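1. missing the sequence, but the structure's below:
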């Protein structure tokens, strides 16, 4: 796996200026619900720093110093997302959170079974971010807030590929692929439940949100197959 390219990717992204955020014209009830929802995501995007220190102390198959540097820069990019989401919450007239039950759930999940399980939890967070940011940005009028959410969503797609590359490079196997299903499914269900009011006031049909998030969980499971299995499947096709 070429971790040098990932390190350079995150280094280049770090040079981007922070976007200027302005609240779009929304009904007050919609703005309030959206601010509450984004505040929950802001909390989650701001709390992944511990793994950046832990990765230096572990030896795992398929990783090198470039991977470690790339992971640290990934964490900083997530911190940037948290800062952007904080600007959005404030622009919408909302308040930042110091804790939430969903954030605590993800934190406890990350601490259960070592670095690889933490990375699997982070992979679930990327899937949720891609689905949810994509859904709500599509319901906002064109403008700075929508553009910023679309940029975050694009970053999360790269993050997903980065974490998938980690598991396919050597850490993946039957255990991790099997662990993905309950973890990814539970994460999608939790986010759908916790943000149901926001999706409702934005006019997002529940079936569309369910299809998007659980569809991403399914697609990610297919991507987690080890490289050897992927190559054999390609030759068989």
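-> That came in fine, so what should we check first? Keep in mind it's a predicted model, so treat the numbers as computed, not measured. Numbers count the residues shown, from 1 in each chain.
2. tell me how many other residues surround residue 212.
-> Counted with other Cβ atoms under 10 Å, the neighbours of residue 212 add up to 17. Yep, even glycine has a C-beta here, placed from its N, CA and C like the rest.
3. which secondary structure elements does the longest helix along the chain contact?
-> The longest helix of the chain (DSSP state H) is helix 65-91. Applying 3 or more Cβ pairs under 8 Å, 6 or more residues apart in numbering; DSSP states H and E, we find helix 65-91 packed against helix 3-13, helix 28-45, helix 50-54, helix 144-166.
4. put together CSV for these, with mean pLDDT and mean neighbour count on each row.
-> As requested, the helices and strands packed on helix 65-91 are exported to CSV (pLDDT from 0 to 100; neighbours: other Cβ atoms under 10 Å):
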stretch, mean pLDDT, mean neighbour count
helix 3-13, 97, 16
helix 28-45, 92, 21
helix 50-54, 76, 14
helix 144-166, 96, 19
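5. mind putting the ones you listed into a markdown table with distance to residue 207?
-> Shown next, in a markdown table, are the helices and strands packed on helix 65-91 (distance: least, Cβ to Cβ, whole Å):
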| stretch | distance to residue 207 |
| --- | --- |
| helix 3-13 | 34 |
| helix 28-45 | 19 |
| helix 50-54 | 35 |
| helix 144-166 | 21 |
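6. next, the angle helix 144-166 makes with the longest helix of the chain.
-> Relative orientation of helix 65-91 versus helix 144-166 (axes from the mean of the first three to the mean of the last three Cα atoms, to 10 degrees): 160 degrees.
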